[in-house]
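Novice: Give me coordinates for this.
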Amino acid sequence: MSKKILLYLIGFILITGCTKNKPESDIVILDNNVPIEYSTEMAIENGDVVSLQDTMYNGEVLNRFIENLSNKNKDSIRVTKYNADGDPVIVLLYFNGEYIEYHKDNTREKNVVRGIKSSRYTSIKKREVVVDDEAMTEVILVAGDNEDVLFVYSDIE
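Specialist: Have a look, this model is predicted:
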């Protein structure tokens, strides 16, 4: 009988000692459990920053995120980009006060290698460019000397 109690006690100690307690965060974690069929209307209604062709929707959400970043205020947004076939690519951006965590989910795209990519960036900025004689704005993620274009738009809805 005492062997059973000893085994239970050792098991309990191992389980509780090996369990990681996640520190609480005051970043709002966005739920990426969006449906496989995620329409632009649904993304706009959910408050995503949406990039569809050359148009950005919910631009005020992106502007708030950039402002919070410059003020070192924690924030998070979801960006949904639609490719030429209308397939959604979900990008989650989390700013923890120091850096931006980037998570790209293209598992809804067809005819590409699908998966989830994660990176870290130090800032986000907008840059005016001219593409085919049309004024456009690039939204760029920055990590040191590396700059990655998140999306490009000419119109805001």
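Novice: check contacts around the spatially most central residue of the chain.
Specialist: The centroid of the chain falls nearest to L92 when counting by C-alpha atoms, centre = their mean (0.9 Å). Contact analysis of L92 by C-beta atoms under 8 Å, 6 or more residues apart in numbering lists L30, N32, S76, I77, R78, V79, E101, Y102, H103, D105. For every residue, glycine as well, the C-beta is placed using N, CA and C.
Novice: all strands of the chain, in order?
Specialist: 49-52, 55-57, 75-82, 88-95, 100-105, 116-121, 123-131, 134-143, 146-153, 155-156 (DSSP state E).
Novice: Give me whichever of those is most buried.
Specialist: strand 49-52 (a mean of 24; mean count of other C-beta atoms under 10 Å).
Novice: That one pairs with which strands, parallel or anti?
Specialist: Strand 49-52 has its sheet partners listed here by DSSP bridges as strand 55-57 (antiparallel), strand 75-82 (parallel).
Novice: possible to save the strands of the chain as CSV with distance to M42?
Specialist: What follows is these, written out as CSV (distance: least, C-beta to C-beta, whole Å):
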stretch, distance to M42
strand 49-52, 10
strand 55-57, 12
strand 75-82, 9
strand 88-95, 9
strand 100-105, 16
strand 116-121, 20
strand 123-131, 24
strand 134-143, 21
strand 146-153, 18
strand 155-156, 19
